[in-house]
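Engineer: Here is the input, now give the coordinates:
(chains A, B, C and D)
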There are 4 protein chains.
Amino acid sequence: MSFANLNSKLETLVRERDWDQFHTPENLAKSISIEAAELLEQFQWNSDPDLEQLRDELADVLTYCLLLAKKYGLDPEALVLTKLEKTKAKYPVEKAKGNSTKYDRL
Amino acid sequence: MSFANLNSKLETLVRERDWDQFHTPENLAKSISIEAAELLEQFQWNSDPDLEQLRDELADVLTYCLLLAKKYGLDPEALVLTKLEKTKAKYPVEKAKGNSTKYDRL
Amino acid sequence: MSFANLNSKLETLVRERDWDQFHTPENLAKSISIEAAELLEQFQWNSDPDLEQLRDELADVLTYCLLLAKKYGLDPEALVLTKLEKTKAKYPVEKAKGNSTKYDRL
Amino acid sequence: MSFANLNSKLETLVRERDWDQFHTPENLAKSISIEAAELLEQFQWNSDPDLEQLRDELADVLTYCLLLAKKYGLDPEALVLTKLEKTKAKYPVEKAKGNSTKYDRL
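Structural biologist: Numbering: from 1, shown residues only, chains lettered A, B, ... in the order given. Got it, this is the predicted structure:
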C-alpha cells in the first residue's frame, strides 16, 4: 500500500459523502489538532494507552494530514524527508547528542 | 520513496543523536499535539498560511506520527486504511451525504 | 483583583489596538488550543518547565478563555462552579476515589 | 464568587476523590490541551457551537488552569495582569493597531 493508493481511497470516501465542502485547509488544520488531543488523551493520566483507541486516533491524525497535504498538492513522504534534512542541519550530531534542548538554545 | 524508506532514515537521525531516550510513546504523543498546534497557528487569525511554515509543521506532525507508529510496530498506511473502513461503516453514504454531523448524532 | 477588573483592562488593550475584528469565537478557540500547546511544550521532554515561560503560557490560555467567555456573556467563575457540580454528580466519591477512569467506564 | 473561593471548592472535590495523585503539573498541562481541543471541536466544521458544550469545555480548560496555577502557588488574576503588561509593551498601539501580525514580524 502506498500513499498514492491511500489518497485515491480517501478521495472516494470524501466524494461519495460530499464532504469536500467541509474540508477547507483551516478546518483540516483544526481537525488535526482535535485528533492529536484525542491521541494524547490515551496518555492523560498514565502511560498505558488502550491500543485499539491509540491506533484509531493515530489513524485520524494521519488521515487529516493526508487530506491537508493533498489540498496543497504536497507529497507526505517528500515533506518528511525535506524536514529531516533541515533537522539534521539544525541539530548537528556533536551538539545535539543525548540532548533534548531546542536548537535555538543549543 | 516509501514509508519503509523514511523509517530507516528517521532511525538513523535519532540513533546518531541518541534521542531515542526522549521518544517515549507519551512524549511522542505530546509532540504530535504540540506540532499540530504550530500547524494550526498558520490559521490562527486568517486562512492565509505561510506555505513554507505550513510544510514544515505538517512534516513535524507526520514525523512524530511515524515515530509513534514505529514504537508500536504499526504500519501507517495500514492504520489509515483500517480506519477508513470503520469510517465508511459509521457514516453510510445515505445518512452522511453533505452532512458534517458526528456519527453518534446522525 | 477580580475577573471583572481584568475584563475591563483586557477590553482596553483590545480596543486600543483594534483587535476585536480578529477575536471571533472561532479564532479565540483556536488561540486557546495554540497557547495550551505552548504550555504543554514546557513538559515535552521532561517534567522540568521553565517557570517564567510556564507563567506566560498559562496566562495566555487564561486570557483567551476570558475573551471567549466575554463573547458569550459568560462569567468564568460561575462556569467553573457549575461544571464542578456536574463533575461531582458524574464522579460520586465512592466510585471515583483513587481512580482516574473516565465516568463512562466507572 | 472569587477565585480563592473556587480554589477551596476544587480542593475539596479533588481531596474527597483522592485525585491529587494524578494531578502532576505535566498531567494537568496535558489535560489543558485535551480540553482545549474539545472546546475547539465545537468549531471544527462551522462557527455554530452547541452552547452548553461550549460552556462545559471552557469550564474544563479553566478548571485545569486553576489546578495548575495552584501547583505553583500562582494567582490566576495576577498572571493575566502581568502578561497583559508584557503584551502592551510588545505590541505598541501605533504598530499593532488593526494588525494581527506577531510581534517579531511587526
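
Engineer: residues in chain A within reach of chain D, list them.
Structural biologist: A:22, A:27, A:30-31, A:33-34, A:36-38, A:40-41, A:43-45 (Cβ under 8 Å from any Cβ of the partner chain). (Each C-beta comes from the backbone N, C-alpha and C, glycine too.)

Engineer: Name the member of those residues that has the highest neighbour count.
Structural biologist: A:A36 (35 neighbours; other Cβ atoms under 10 Å in any protein chain shown).

Engineer: Just the element for that residue, please.
Structural biologist: helix A:25-41 (DSSP states H and E).

Engineer: Model confidence at the residue with the largest distance to the centre of chain A, what's the number?
Structural biologist: For chain A, the residue at maximal distance from the C-alpha centroid (Cα atoms, centre = their mean) is A:E94, at 28.8 Å. What the model reports as pLDDT for A:E94 is 95.

Engineer: again with the one 4 residues further on
Structural biologist: In this prediction, A:G98 carries a pLDDT score of 95.

Engineer: Surely it touches B:D20?
Structural biologist: No. Counting by Cβ atoms under 8 Å, A:G98 sits too far from B:D20 to count as a contact (10.2 Å).

Engineer: Looking at the two now, which is surrounded by more residues?
Structural biologist: Legend: neighbour count by other Cβ under 10 Å for A:G98 and B:D20, higher for B:D20 (12 against 9).

Engineer: The longest helix seen in chain A packs against which elements?
Structural biologist: Longest helix in chain A by number of residues (criterion: DSSP state H): helix A:51-71. The contact analysis (3 or more Cβ pairs under 8 Å, 6 or more residues apart in numbering or on different chains; DSSP states H and E) places helix A:51-71 against helix A:3-17, helix A:25-41, helix A:76-90, helix B:51-71, helix B:76-90.

Engineer: which one is the residue of chain A found nearest chain D nearest to, not counting chain neighbours?
Structural biologist: Nearest to chain D in chain A, going by Cβ to the nearest Cβ, is A:A37, at a distance of 3.2 Å. In this structure, A:A37 finds its nearest non-sequential neighbour in D:A37, 3.2 Å apart by Cβ to Cβ, 6 or more residues apart in numbering or on different chains.

Engineer: was I right about that neighbour contacting C:S33?
Structural biologist: Yes. Judged on Cβ under 8 Å, D:A37 makes contact with C:S33 at a distance of 5.8 Å.

Engineer: any shared contact partners between the two?
Structural biologist: By Cβ atoms under 8 Å, 6 or more residues apart in numbering or on different chains, D:A37 and C:S33 have these common neighbours: A:S33, A:A37.

Engineer: Pull the residues that contact stretch A:57-67.
Structural biologist: A:3, A:6-7, A:10, A:14, A:23, A:28, A:31-32, A:35-36, A:38-39, A:41-42, A:76, B:32, B:36, B:58, B:61-62, B:65, B:68-69, B:74, B:76, B:79-80, B:82-84.

Engineer: Give me the neighbour count for A:K71.
Structural biologist: 14.

Engineer: Taking helix A:51-71 as reference, get the angle to the helix or strand bottoming out on mean pLDDT in chain A.
Structural biologist: Here the helix or strand of chain A ranked lowest by mean pLDDT, DSSP states H and E is helix A:3-17, holding a mean of 91. With axes from the mean of the first three to the mean of the last three Cα atoms, to 10 degrees as the basis, helix A:3-17 and helix A:51-71 are set at 90 degrees to each other.

Engineer: Next up, the contacts around the residue nearest to A:P76 when sequence neighbours are not counted.
Structural biologist: Residue nearest to A:P76 in three dimensions, not counting chain neighbours: A:A69, with 5.1 Å by Cβ to Cβ, 6+ apart. By Cβ under 8 Å, 6+ apart, the contact list for A:A69 reads A:D75, A:P76, A:L79, B:L58.

Engineer: Most neighbours out of those, which is it?
Structural biologist: Busiest of the contacts of A:A69 [other Cβ under 10 Å] is B:L58, holding 28 neighbours.
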